[in-house]
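> requesting a structural model of the entry that follows:
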Amino acid sequence: MKINHTDLEALLKQDLETCNKEHDLQQIKSRYLGKKGHLTNLFSSLKDIPSENRKSYGSELNNLKQILTKLINSKFEELDNNKEKSKRLDLDVPARHHQFGSHHPISLVIRRIEKIFSGFGFETHDGPEIETEHYNFKSLNIPDNHPARDMHDTFYFDSDLLLRTHTSSVQIHAMEHMSAPLRVLAPGRVYRCDSDPTHSPMFHQIEGLCVDTDISFSNLKWLLNDFIYKFFQSKKIKTRFRPSYFPFTEPSAEMDIMFNGKWLEVLGCGMVHPNVLKNVNIDPKKYSGLAFGLGIERFAMLAYQIKDLRVFFENDINFLEQFESLRES
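Alright, predicted model coming up:
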């Protein structure tokens, strides 16, 4: 049936009057404004209109298109409003359970350690994970071809840029921008080429540094013993210090704790080497310092009795949900 454009508006109004469903309205829209709709057919007939009348006829069709579009859009709004009014609140329906999630166990341990050392006056600092060879090695008394470099299995970008192998570089940045005395705590991700149930190519460290006058190894032992007592919430836990070697500390030591009847290494420490202080323009004759570094994953595994380090990075929701009830205190 051929429909005259003067009748089209009236016909649409009749169809809209009886329409009360969005699906039906979509069909009406397609019927009037679609590719094969009534209005499209009228536009196609422009070629049959005499040239002297074509402009005015086209203008009428454009006005008609605006009118039809407005009528259809108004109907859509009407149906949306009716839909909202028809919604009812069912007070018998159980409330939805919201999953708020939790901190990752690594984050929980970092915050726990930060809180303990903040009580000793340490301030948390951050630094770049992509470091220069100077900050990661040279400034820490690890020159070219030093055997200690082999211990780190470093990821290099080029001869100068690398993924940091420890957060000691953060301490160098801090000493360059701060004057002694200072107390710095540097948590963060570090990278070494190693992977097994107790090692990961990416892991987390916290390193601490205290530079002041009259700092001694006795201060270091007291500080770390008190930290262990507070972290494990027991003063009965046994500790011991064994001589070790780190190029940036002298003397150096490793700290062990008695855990489940066995001695377990938990951190490295020592007195800051005078060369390190010289590299950041701190007078080693006036100031001395203590330093320590520990692996966060190791402490998290001990705190939560986890045997395989790799579960920290697998994003297993069943594993992570176990920590939902834990909050930072």
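
> just give the closest residue to Leu277, not the sequence neighbours.
Of all residues not flanking Leu277 in the chain, Pro284 sits nearest, at 4.4 Å (Cβ to Cβ, 6 or more residues apart in numbering). C-betas here are computed from N, CA, C, even on glycine.

> what's the helix or strand for the one you found?
Using DSSP states H and E, Pro284 sits in no helix or strand.

> how about it, what does it touch?
Pro284 makes contacts with Pro274, Leu277, Lys278, as judged by Cβ atoms under 8 Å, 6 or more residues apart in numbering.

> one more time with 10 Å, if that's ok
Applying Cβ atoms under 10 Å, 6 or more residues apart in numbering, one finds that Pro284 lies in contact with Val211, Val272, His273, Pro274, Asn275, Val276, Leu277, Lys278.

> widest-spaced pair of those residues?
Within those, Val211 and Asn275 form the most distant pair, 13.9 Å apart (Cβ to Cβ).

> between these two, who's got more neighbours?
Val211 (26 against 15; other Cβ atoms under 10 Å).

> need the three-state assignment for the more buried one.
Each residue gets one of three states, and Val211 gets strand by DSSP: H, G, I helix; E, B strand; the rest coil.

> does the closest residue in space to it that isn't next to it in sequence lie in a helix or a strand, and which?
Among residues not flanking Val211 along the chain, Gly289 sits closest, at 3.8 Å (Cβ to Cβ, 6+ apart). Assigned by DSSP H and E, Gly289 belongs to strand 288-295.

> any idea of the mean pLDDT for the lengthiest helix in the chain?
Assignment by DSSP state H gives helix 51-86 as the longest helix of the chain. Across helix 51-86, pLDDT averages out at 84.

> count of neighbours near the nearest residue to Glu9 once chain neighbours are set aside?
Closest residue in space to Glu9, ignoring its immediate chain neighbours: Ile67 at 5.8 Å, by Cβ to Cβ, 6+ apart. Using other Cβ under 10 Å, Ile67 is surrounded by 13 other residues.

> pretty sure Ile67 sits against Ala10.
No. Look at Ile67 against Ala10 with Cβ atoms under 10 Å: they stay out of range, at 11.0 Å.

> quick one: the helices in the stretch 1-150 of the chain, in order.
5-17, 22-33, 38-44, 51-86, 105-118, 133-136 (DSSP state H, counting those that start in this stretch).

> thank you kindly, that will do.
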